[in-house]
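S.K.: Got a sequence here, can you model it:
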Amino acid sequence: MLSYVDLFKDGQRRNIRASVTADHPASHHGQPVLVLPDGGSLDLTSWVLLNYRIEKATQKERAQLEKVFANFNLMCREIKKKDDDEN
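M.R.: Down below sits the predicted model:
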């Protein structure tokens, strides 16, 4: 279970179910992704802008989530490196 701040309606925090899977088109090389009820994957931009947070997860989901967030950290480091290289 995740929650996010609904910026497009009333700014209230909403709960939303999500699954963690590597069996999704957004998954690359077997890396797990967060998948929302509509079938779309949750990307880093949405995670940050809508202030997502994990409300409840099983031990198995937590292990997979560690991999998801490791990928987010890699993406952030690459963005910073690119910015540093350009300046």
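S.K.: what residue ranges in the protein score low on pLDDT?
M.R.: Within the chain, the ranges that satisfy pLDDT under 70 run 71-84, 86-87.
S.K.: can we see that at 90?
M.R.: Within the chain, the stretches with pLDDT under 90 are 20-34, 42-48, 54, 57, 60-87.
S.K.: Can you show me the strands along it?
M.R.: Secondary structure of the chain (DSSP state E): strands located at 2-5, 13-16, 19-21, 33-35, 53-54.
S.K.: So which of those strands is the most surrounded?
M.R.: strand 33-35 (a mean of 22; mean count of other C-beta atoms under 10 Å). Bear in mind the C-beta positions are built from the backbone N, C-alpha and C, glycine included.
S.K.: so the nearest residue to residue 42 once chain neighbours are set aside bridges to which residues?
M.R.: Sequence neighbours aside, residue 34 is the residue nearest to residue 42 in space, at 4.1 Å (criterion: C-beta to C-beta, 6 or more residues apart in numbering). Residue 34 forms beta bridges with residue 20, as assigned by DSSP bridges.
S.K.: All set, thanks.
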